[in-house]
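Student: no sequence on hand, only this structure:
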């Protein structure tokens, strides 16, 4: 109906937004944490802190709820992979 009446065509594969996997989301939040650590010298992030990073396709600015994410990583430490724990430890993560 949209095509016939309004002349609207479905989006091509290039125009559709890319789906981000959980691993992609974790990596983006880690980059935000790394940026915070490099700027502040610690990873004691206030719970409500939002970190802005520039990156990805088109170099768009993204906001990450870094304080909440850091808290979640601490509470889920038992289920994190050793690789992720090592990455976070390398940038000053306190686990307790």
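Tutor: That came in fine, so what should we check first? What you are looking at is a predicted structure, and each value in this text was computed from that prediction instead of being measured. Numbering: from 1, shown residues only.
Student: from here on, contacts and neighbour counts on C-alpha atoms
Tutor: Will do.
Student: hey, where'd the strands end up in the chain?
Tutor: Under the criterion DSSP state E, the chain contains strands at 51-55, 60-64.
Student: buried deepest among these, which one?
Tutor: Using mean count of other C-alpha atoms under 10 Å, the stretch among the strands of the chain with the largest mean neighbour count is strand 51-55, at a mean of 15.
Student: contacts for that one?
Tutor: For strand 51-55, the external contacting residues (C-alpha atoms under 8 Å, 6 or more residues apart in numbering) are 32, 35-36, 60-66.
Student: closest to residue 11 out of the residues you listed?
Tutor: Comparing the contacts of strand 51-55 against residue 11 with C-alpha to C-alpha places residue 60 closest, at 21.2 Å.
Student: where does this structure dip in pLDDT?
Tutor: For the chain, the stretches with pLDDT under 70 are 1-3, 55-59.
Student: enumerate the positions of the longest helix anywhere in it that are buried.
Tutor: Identified as the longest helix of the chain according to DSSP state H is helix 22-40. For helix 22-40, burial by neighbour count (16 or more other C-alpha atoms under 10 Å) applies to 28-37.
Student: just checking, what packs against it?
Tutor: On a contact count with 3 or more C-alpha pairs under 8 Å, 6 or more residues apart in numbering; DSSP states H and E, helix 22-40 meets strand 51-55, helix 66-75.
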